[in-house]
Every structure is written in structure tokens, then in C-alpha cells.
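J.: got a sequence here, can you build the structure:
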Amino acid sequence: MNIRKPANPDKSRWLELRRALWPECPEHRHLLEMEHLLRSQAVIFFAEDSDEQAIGFAEVSIRRDHVEGTSSAPVPYLEAWYVVPNSRGHGIGRALIESAEEWALGAGFSELASDAESDQIDAIQAHLKLGFREVGRSVHFVRPLRPSRAEQA
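T.: Predicted structure coming up:
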């Protein structure tokens, strides 16, 4: 296994891994987020097997706004973390997190933040196993905005 931070990520392999992690996300949204990450200070790590096949990835952005539970800002934020199912249980996820941690420490940061959906028990357990601590749970809301009746007239 090899963990690398590519100079120019192979977008097709990256997209394939993102689709596996978030299959419900439309391709145009994946591509938009990937471009945003490439233009920002984010870092992407790929895990490859001995045949140089992508078997996992991690995306780490720099969040400048408040991140719940952190004591500093800005803070590196684990936006994505994924290992293909048949490669799990071999330390690949841990190696991706350790690579992200080494990068963050080298860049002068003291914390690494992340999240998981409340129903993703395996993801939550994986975070806890690697030293993350749960700092809160939340339910997110969106309300569509409609013009007032006066504006519609």
C-alpha cells in the first residue's frame, strides 16, 4: 500500500472514489467540489495498492469559520475519507488519517476536525477508534425563501 499526495490528482480515479462514497450526489456536483478543492488550500491523499490501483482517498480542506468543538481557527477539516469495501480492515483508513495528520502538523495546525452522519455507525466508530472525539450532534434545516406578496404584485 502507498499513500500519496498527488501533484495533479487523477480526476477520473478521484471521481470514481467520490461516487462510491456519495452515490446519490450528481456528477456535476462532484466535479464542482473537486475543482473548488483544487483551487483552495485543500490536500487530497490517495491510497494505492501494489498495482497502483486507487483503493481509498481523503480530502482535507481548511475551514476558516468556526468548527464545532475546536479550539482554533482555521482548522483542517476531513471532508472525505473512504476505503473501498474489499480493502477495509487492513490499516488503509488509518494510514490516510495519519498522512493527513502529518500534513496538518507540518502546516502548523494543532487539530483535525471531521464529521459523520448520525446514522453512519461504522464511520463514527472508525473516527473514535482513530482518536477523534465526538463533540456534538445536530439536525440541519433549510427553508426555501419566497418573495413577499408585495414583491409578487
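J.: going forward, measure contacts and count neighbours with C-alpha atoms only.
T.: Will do.
J.: give me the distance between Ala107 and Gly89.
T.: As judged by Cα to Cα, to the nearest Å, Ala107 and Gly89 stand 29 Å apart.
J.: I meant to write Gly106 there.
T.: Gly106 is 27 Å from Gly89, by Cα to Cα.
J.: now Glu79
T.: To Gly89, Glu79 is 21 Å away according to Cα to Cα.
J.: show me which of those two is the more surrounded one.
T.: Looking at Glu79 and Gly89 with other Cα atoms under 10 Å, you find the greater number of neighbours at Glu79, namely 17 against 10.
J.: just checking, what packs against the strand or helix carrying that one?
T.: Here Glu79, judged by DSSP states H and E, is contained in strand 75-83. Contacts defined by 3 or more Cα pairs under 8 Å, 6 or more residues apart in numbering; DSSP states H and E place strand 75-83 against strand 54-63, helix 92-106, strand 113-114.
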